[in-house]
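Participant: Sequence first, predicted model second:
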Amino acid sequence: LSILQQKMHNTETKLDKAALAYALTGIAINDALISCFKAKYQYNLVRPITYIREVMGSTTWNTFVGTPAHPEYPSAHSSLSAAAAGVLEELFGNAGPFSDHTYDYLGYAPRVYSSFTAIATEAGLSRLYAGIHYSQSIDAGLVQGKKVAANIFSAKP
């Protein structure tokens, strides 16, 4: 939502489009979360930490961030990010190049992206680097999020 807010500010989005953008982005994130968690409990795949500790025997191995207590597949971060990216691309077209200033207040440098999809892809990959997802779960989440956004825009009134 920070990226949406920045995009609207940069493009001087009018109130009617801003309201629509917030509503559709919220709908996409919500729908992606529901479909993602339905799949998580349908497939019930163990997290990397469980596999590495219990199957590979590296009992002291740990992730870089806390491991969520729900099943691994598909990646919720990827699914939600891709759904939001799909809405933003539909409403604003290609973002790039786009500088994300979400964490300026913490002293971090802005991140530059070529598209909203690139932002979603990086968000998904962050979960692989953190050690809490497998790459196929991230890929599946990205596909799922894109489908959620596509479904929103294909709905007939």
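Facilitator: Sure thing, it's come through. Residues are numbered from 1 along each chain as shown.
Participant: Do you know the pLDDT at the closest residue to Phe92 other than its chain neighbours?
Facilitator: Of all residues not flanking Phe92 in the chain, Lys7 sits nearest, at 5.7 Å (C-beta to C-beta, 6 or more residues apart in numbering). Placement of C-beta: from N, CA and C, glycine included. Each residue has a pLDDT score; the one for Lys7 is 93.
Participant: can you pull the contacts of Lys7?
Facilitator: Lys7 is in contact with Thr13, Leu88, Phe92, Ala95, Phe98, counting by C-beta atoms under 8 Å, 6 or more residues apart in numbering.
Participant: how about it, phi and psi?
Facilitator: Per-residue torsions, Lys7: phi -60, psi -40 (degrees, to the nearest 10).
Participant: Is the closest residue in space to Arg47 that isn't next to it in sequence in a helix, a strand, or coil?
Facilitator: Once flanking residues are discounted, Arg47 sits nearest to Glu72: 4.6 Å by C-beta to C-beta, 6+ apart. Following DSSP: H, G, I helix; E, B strand; the rest coil, the label given to Glu72 is coil.
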